[in-house]
Structure formats: structure tokens, C-alpha cells
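> Could you work out the structure for the sequence below:
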Amino acid sequence: MHRSGTSALTRVLNLLGVALGDDLMAPGPDNPLGFWEHHGIVSVHEGLLAALGRRWDDPRPMPDGWLDSEAAQEAGEAIAAIVRRDFAGVPLWAVKDPRLCRLMPLWRRVLANLGIEPRVVLVSRHPDEVAGSLLRRDGLPVAIGELLWARYLLEAVRGSDGCRRGMVAYDDLLDDWRLAVR
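Numbering: from 1, shown residues only. Down below sits the predicted model:
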């Protein structure tokens, strides 16, 4: 989920040798140390959500049949092209975008077609902290922030079922990043 510590964890993994590609989003006022998100992938994700009548801050479920839509097909082709272009031959790489929580079914299909077995790392932060951060950054009501937190977590867990995955608590990452990533 957005504001859960995904940037901090991704940067730690990057410093430990995980490639993120060269097309990273620039830091912003709300994340001055960097987002560590692949710009092209975020653009594909935002385009797909828009085509489906959704946004990152929409707590509604994904529309029925979205995975079989033309928009999802086009997004899948774009994702595959980026993976082939930016990560071919890279032994250890990662993609970070909180929207992945909602789009894991598409990613799993794309990666399966490319012969790639995904590994998933989830970051957990208390919903009150996430909702408070969204209120400060985006002006989202706390109730919407809490709904988003629940939606993203449920879809991330459901979407990564059967994958090798781990979960890192944001507080643990801040307390002892070495232990948390181990």
C-alpha cells in the first residue's frame, strides 16, 4: 500500500544489489529520497487503471472481467516489453509500485509467459499510520485511507497466493533493517 514504507524497503534491497532498472521516477516533495519506482511501469499501471475507470486511490474492487479486457491485454504487452528491455539477463531485479497489489493477476500472467517465477515482498504498516499519511499528503479522509489499506492488503495477499513471498513490518525495517530483510 502507498505510504507503507515500500520506498524504504525497495531502496534497501537496491543497495543490497537488487536492480531496479534505469527508468526511475524522480524524487518528489512527498518522497525526497526517491520512490524507487520504474517510471514506465507506473505509467502502464496508471493507464490501465484509468482505462478500467479506476485510480490508485479508488477503494472499489477491480471491475468484473478486467483481466480479460483489451486494456489489460495491452498493459500486459507493455509490461512484457519493459521487462525484456530493462531486465533481460539481470539475475536479480525488482519492480516496486504499490499498484502492483491490485494488478498481481496481470503480472503473474505476464511473468509466466516470460518463464519468470515471481517472488513477492510485502510491507506492512499500521493502517492508522497509512491513513494519517494519506490525509496529510493527499487530503484523503481517514476512512478512505483505511479502506484503501485493507483493499491493497487483501488483493496483494490474494494475488500473490502460491508465490514465494515474505512480509516486512515497516517498524521492523526502521528498527533494524538488517534483521528485517534477512
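> Val168 in helix, strand or coil?
At Val168 the chain is in strand, as set by DSSP: H, G, I helix; E, B strand; the rest coil.
> Burial check on the residue lying closest to Gly76 once chain neighbours are set aside, number of neighbours?
Nearest residue to Gly76, sequence neighbours excluded (Cβ to Cβ, 6 or more residues apart in numbering): Val110, at 4.9 Å. Every C-beta, even on glycine, is put in place using the N, C-alpha and C of the backbone. Here the number of neighbours of Val110 (other Cβ atoms under 10 Å) works out to 21.
> Hmm, Val110 is touching Gln73, no?
No - in this structure Val110 lies outside contact range of Gln73 using Cβ atoms under 8 Å: 10.5 Å.
> May I ask you to confirm that Val123 belongs to a helix?
No - under three-state DSSP, Val123 sits outside any helix and is assigned strand.
> Next one: it, what pLDDT does it get?
Confidence at Val123, expressed as pLDDT, is 94.
> beta partners for it?
Here Val123 sits in beta bridges with Val168, going by DSSP bridges.
> Quick check: the gap between it and Val12.
According to Cβ to Cβ, to the nearest Å, Val123 stands 11 Å off from Val12.
> between the two, which one's more packed in?
Set side by side, Val123 and Val12 show more neighbours around Val123, with 22 against 18, by other Cβ under 10 Å.
> how about the more buried one, what does it touch?
Counting by Cβ atoms under 8 Å, 6 or more residues apart in numbering, Val123 makes contact with Met1, Ser4, Gly5, Thr6, Leu9, Met167, Val168, Ala169, Tyr170, Leu173.
> intersection of neighbour lists for Val123 and Val12?
Common neighbours of Val123 and Val12 (criterion: Cβ under 8 Å, 6+ apart): Leu173.
> hang on, the residue nearest to Gly76 in a helix?
Yes - counting by three-state DSSP, Val110 is part of a helix.
> What separation is there between it and Ser124?
Applying Cβ to Cβ, one obtains 26 Å for the distance of Val110 from Ser124.
> How about the secondary structure of the nearest residue to Arg60 once chain neighbours are set aside?
Distances taken as Cβ to Cβ, 6+ apart place Arg54 nearest to Arg60, at 7.1 Å, with adjacent residues excluded. Assigned by three-state DSSP, the conformation of Arg54 is coil.
> Double-check Arg54 against Ser69; I have them as touching.
No - Arg54 lies out of contact with Ser69 (Cβ under 8 Å); the separation is 11.7 Å.
> With neighbour numbers in mind, choose between those two.
Under the criterion of other Cβ under 10 Å, the comparison of Arg54 against Ser69 puts Arg54 first, with 19 against 14.
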